[in-house]
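>>> what follows is a predicted protein model with its sequence.
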Amino acid sequence: MKISYINMRIVTTIIVGILTAILVGAIMAFPIKLLWNWALVPAVNGINYIGLKQAWGIMVLASLLFRNISTDKKD
C-alpha cells in the first residue's frame with residue numbers, strides 16, 4: 001500500500017504543529033517557573049519549588065481562569 005504525497009504532507013504538518021505547540025508552551029512556561037522559584041518561594045515559607053511541567057500547568061490554569069469569554073460583537 002502506497003502512501004500518497006498529500007497524505008504524508010498532512011501527517012508531517014500535524015506532527016510539526018504539535019511539536020511547535022509543545023515548544024511554544026514550554027518557552028512560555030519557563031518564565032513562570034523562574035519567577036515562582038526565584039521571587040515567590042524565598043519570600044514565603046512552606047512553598048516548594050516547581051518544575052517546568054508544574055509551571056506549564058499554572059500557565060494553562062491561569063489562561064482558563066482569566067481569559068475573556070465575551071461573545072459581544074461590535075458592529
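That came through fine. In this text, all values refer to a predicted model and were calculated from it rather than measured experimentally.

>>> report the buried residues of the host helix or strand of residue 12.
In this structure, residue 12 sits in helix 5-35 according to DSSP states H and E. The neighbour-count check on helix 5-35 (16 or more other Cβ atoms under 10 Å) flags 29, 32, 33 as buried. Backbone N, C-alpha and C define where each C-beta goes, glycine included.

>>> go on, stretch 56-65?
For stretch 56-65, by 16+ other Cβ under 10 Å, it's 56, 59.

>>> list of residues touching it?
For stretch 56-65, the external contacting residues (Cβ atoms under 8 Å, 6 or more residues apart in numbering) are 25, 26, 28, 29, 32, 36, 50.

>>> grab the most central residue of the chain for me.
Among the residues of the chain, the one closest to the centroid is residue 25, at 3.0 Å (Cα atoms, centre = their mean).

>>> wait, what's in contact with that residue?
56, 59.

>>> do the one 3 residues further on as well
Contact partners of residue 28, counting by Cβ under 8 Å, 6+ apart, are residue 59.

>>> and the one 5 residues further on, by the same measure?
Residue 33 makes contact with 50, 51, 52, 54, 55 under the criterion Cβ under 8 Å, 6+ apart.

>>> which residue, other than its chain neighbours, is closest to it?
Spatial nearest neighbour of residue 33, excluding adjacent residues (Cβ to Cβ, 6 or more residues apart in numbering): residue 55 at 3.6 Å.

>>> who's in contact with that neighbour?
29, 30, 32, 33, 36.

>>> one more pass at 7 Å, please.
When contacts are counted by Cβ atoms under 7 Å, 6 or more residues apart in numbering, residue 55 is found next to 29, 32, 33, 36.

>>> can you give me the pLDDT of the second one?
Think residue 32. For residue 32, the pLDDT comes out at 84.

>>> report the distance from the helix or strand hosting residue 62 to the chain centre.
Take DSSP H and E as the rule and residue 62 turns out to sit in helix 52-66. Taking Cα atoms, centre = their mean, to the nearest Å, one finds the center of helix 52-66 at 7 Å from the center of the full chain.
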